[in-house]
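Chemist: need coordinates for the below:
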Amino acid sequence: MKSDSKKLIDILRITLYYAIATFFAVKLFKFFSNSKIFSFYINILVVDIIATIIIFCFSCIKKNASVYDPYWSVQPIVILSCLFLGANSYLGTSPSYLAIYLFCIICFWGIRLTVNWAYTFKNLKSQDWRYTMLKEKTKKFYPFVNFFGIHLVPTLIVYACTIPAIYAINIPLAKWNVYSIIFGAISICAVILQGISDYQMHKFRKEKTQNPETTPQFIRNGLWKYSRHPNYLGEIIMWWGIALAVVCVVPHQWYLIIGAFINTCLFLFISIPMADNRQSQKPGFDEYKKQTRMLLPIAVNKKSEKSN
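Modeler: Presented below is the predicted three-dimensional model:
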């Protein structure tokens, strides 16, 4: 009971930190927009970085980089919400139906992911194992790794992923096509995939805590039977769906897929290797790796049992 109240208080503290960052970001965005110092997209990027710096300061004060964790899922919702509320002022137009469609999908994704964070969050004394590992490895260079690697780079990546939805605000209704709807639906399915994956993992961890001797080392049922990282797969597909929903309408703006591409690289070359490296310390990982695909839920050929 005491731990639950501590958790709630710390979540409220983090909420306050984000409210402060959002307040200053909105004020600065209005200032930059009125003064026309930067272009529209640069305005958003600059205030996004400033908000990240504010959150970074709170992370340093609390000596816990996990203060930044919900930023990934909160940032796109805040950006798009502010743009929707002031679309006529900043862009001289109302949001298109495509933008509204994508906004709803991103809200669905962001709210689900934030709720999942709140569910797994313990308190401000507990930090994500990845940050602790980086601190131990980088030692005196950790402040730089903390700011650039843990805070700034993810902010830039998720901003790049959000750009297609921002761009869609100006797309006329006439250009909204069936492919946009299909790719949006794929993103919705990806969010559901993430939700199911997280639920199954939470259930497995609970069973492992209650019955550590009888519960296997690795989760091998549900979606996790076919993929070692189905939650990451959902995150990757989600942003590809958002990007392609816009690019199929304006194919000459192909660069809008860059955010989804970089996000894919983040998971393939950083997040997944870090997770697998940690899992490899457990007995039986090599066999588990042979029997379960890294991402795509495709059955492994038991005869060859080749690692993917």
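Chemist: please, where are all the strands along the chain?
Modeler: Read by DSSP state E, the chain holds no strands at all.
Chemist: okay, now the unreliable bits of it?
Modeler: Applying pLDDT under 70 to the chain flags residues 1-2, 87-93, 172-174, 299-308.
Chemist: centroid-nearest residue for it?
Modeler: Trp72 (4.5 Å; Cα atoms, centre = their mean).
Chemist: was I right about that one contacting Val158?
Modeler: Yes: here Trp72 reaches Val158: they are 5.5 Å apart, a contact under Cβ atoms under 8 Å. From N, CA and C alone the C-beta is placed, and that goes for glycine too.
Chemist: before we move on, the earlier item: how close does the residue nearest to the centre of the chain sit to Pro251?
Modeler: Trp72 sits 29 Å away from Pro251, taking Cβ to Cβ, to the nearest Å as the criterion.
Chemist: can you pull out the helices in this structure?
Modeler: For the chain, helices defined by DSSP state H occupy the ranges 2-35, 40-62, 71-85, 87-90, 97-120, 129-138, 142-144, 153-167, 178-210, 230-247, 258-266, 272-279, 285-291.
Chemist: residues near Lys27, how many?
Modeler: 11 (other Cβ atoms under 10 Å).
Chemist: oh, I was asking about Ile236
Modeler: For Ile236, using other Cβ under 10 Å, the count is 19.
Chemist: so it sits right up against Thr264, yeah?
Modeler: Yes: with contacts counted by Cβ under 8 Å, Ile236 reaches Thr264, the gap being 5.1 Å.
Chemist: and the gap between the closest residue to Asn177 other than its chain neighbours and Phe261?
Modeler: Distances taken as Cβ to Cβ, 6 or more residues apart in numbering place Val249 nearest to Asn177, at 6.2 Å, with adjacent residues excluded. Here Val249 is placed at a distance of 19 Å from Phe261 (Cβ to Cβ).
Chemist: and those two? Which one has more around it.
Modeler: Val249 (22 against 15).
Chemist: that older thread, for Asn221, find the nearest of the helices of the chain.
Modeler: helix 178-210 (7.2 Å; Cβ to Cβ).
Chemist: centre of the chain versus that closest one, how much separation?
Modeler: Averaged C-alpha coordinates place helix 178-210 at 13 Å from its chain's average position (Cα atoms, centre = their mean, to the nearest Å).
Chemist: pull out the buried positions in that helix.
Modeler: Neighbour-count burial for helix 178-210, counted by 16 or more other Cβ atoms under 10 Å, picks out 180, 183-184, 186-187, 190-191, 193-198, 200-201, 204.
Chemist: wait, Leu223 touches Asp198, no?
Modeler: No: between Leu223 and Asp198 there is no contact under Cβ under 8 Å: 10.1 Å.
Chemist: pull the number of nearby residues for Pro143.
Modeler: Quick note: Pro143 (other Cβ under 10 Å) scores 12 neighbours.
Chemist: same check on Ile258?
Modeler: Ile258 has 14 nearby residues by other Cβ under 10 Å.
Chemist: residue contacts, it?
Modeler: Residues near Ile258 by Cβ atoms under 8 Å, 6 or more residues apart in numbering: Ala160.
Chemist: surely Ile272 touches Asn231?
Modeler: No: here Ile272 lies out of contact with Asn231, judged by Cβ under 8 Å, at a distance of 10.8 Å.
Chemist: skip the chain neighbours and tell me the closest residue to Ile188.
Modeler: Ile105 (5.9 Å).
Chemist: contact partners for that neighbour?
Modeler: Gly184, Ser187, Ile188, Val191, Gly241, Ile242.
Chemist: turn the helices of the chain into CSV, including distance to Pro297.
Modeler: Below are the helices of the chain laid out as CSV (distance: least, Cβ to Cβ, whole Å):
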stretch, distance to Pro297
helix 2-35, 33
helix 40-62, 34
helix 71-85, 24
helix 87-90, 39
helix 97-120, 20
helix 129-138, 24
helix 142-144, 36
helix 153-167, 23
helix 178-210, 9
helix 230-247, 7
helix 258-266, 17
helix 272-279, 15
helix 285-291, 13
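Chemist: just name the most buried of these.
Modeler: Sort these by mean neighbour count, taking mean count of other Cβ atoms under 10 Å, and helix 230-247 sits at the top with a mean of 24.
Chemist: give me the angle between that one and helix 97-120.
Modeler: 160 degrees (axes from the mean of the first three to the mean of the last three Cα atoms, to 10 degrees).
Chemist: with just CA atoms, put helix 230-247 into CSV.
Modeler: The C-alpha coordinates for helix 230-247 follow below in CSV (Å, rounded to 0.1, in the frame of the first residue of the first chain):
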residue,chain,number,x,y,z
PRO,A,230,6.7,-8.5,-30.9
ASN,A,231,6.3,-5.2,-29.0
TYR,A,232,9.2,-3.7,-31.0
LEU,A,233,7.7,-5.0,-34.2
GLY,A,234,4.5,-3.2,-33.4
GLU,A,235,6.3,0.0,-32.8
ILE,A,236,8.2,-0.3,-36.1
ILE,A,237,5.0,-1.1,-38.1
MET,A,238,3.1,1.7,-36.4
TRP,A,239,5.3,4.5,-37.7
TRP,A,240,5.7,3.0,-41.1
GLY,A,241,1.9,3.0,-41.4
ILE,A,242,1.7,6.6,-40.4
ALA,A,243,4.4,7.6,-42.9
LEU,A,244,3.0,5.6,-45.8
ALA,A,245,-0.5,6.9,-45.2
VAL,A,246,0.8,10.3,-46.2
VAL,A,247,3.4,9.3,-48.8
